[in-house]
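I would like the atomic coordinates for the input below:
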Amino acid sequence: MSKKLILFCALLLFVTFAVAGVSVAAGLSGEMSVLSLRGDTSNLTHDQVVELKRVGKWMDRDIIKQLKRAGFKAKLIKDRKDFKGSGHLLIIDVAKFKAGNRAARAFVGFGAGSSSLDLKYNLLDSHGKSMTTWEDGAGSSRGGTYCAQTLNRNVIKKLKEVMK
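I've put the predicted structure just below:
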């Protein structure tokens, strides 16, 4: 009997902590389509455009993951006409991108070759009406994906404020 009780308690603790580790933000749910634009790249070099595409691809995957974790049924769309009016549409556009220098970061160290990413956001309702727009930016001495990660976390916080 003692082994069964210990096993039951261990199972109960496991289930309790496993469920407690899943965090779904209260009030955030429904469908969220994301349209990610790369902004004006005419003033960027070829290497900077390549880096922006790499960072953008990572950012797109991460924002979908963050939105799902927050409780949304999220999907990435390639064009605004792909938005069918179900749920909300979050448009993310690159306002400014500084790729930084990986070699400088590797050899010089902290602060050298830092990256920065400034984004414009527009949240639309199911009818295509703008609910809110905002801009946000981040810099990192660790590279563009760290900027994107910070900005994606900030989006979730902003959505919690707007969609109470």
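
ok, now which ones touch F72?
By CB atoms under 8 Å, 6 or more residues apart in numbering, F72 lies in contact with 28-32, 87. Every residue, glycine included, has its C-beta placed from N, CA and C.

hey, where'd the helices end up in the chain?
Here the chain has its helices, by DSSP state H, at 2-20, 46-70, 102-107, 144-162.

Just the angle for the longest one relative to helix 144-162, thanks.
The directions of helix 46-70 and helix 144-162 differ by 40 degrees, with axes from the mean of the first three to the mean of the last three CA atoms, to 10 degrees as the criterion.

before we move on, back to that, let me know the closest of the contacts of F72 to Y121.
M32 (12.4 Å; CB to CB).

re the thing from before, ranking the helices of the chain by mean pLDDT, which is last?
Averaged per stretch, pLDDT over these is lowest on helix 102-107, reaching a mean of 50.

now the end-to-end length of stretch 68-84.
The straight-line separation of the ends of stretch 68-84 (CA to CA, to the nearest Å) is 19 Å.

Which residues are in contact with the residue lying closest to A95 once chain neighbours are set aside?
Of all residues not flanking A95 in the chain, D118 sits nearest, at 4.3 Å (CB to CB, 6 or more residues apart in numbering). Listed by CB under 8 Å, 6+ apart, the contact partners of D118 are 94-97, 135-137.
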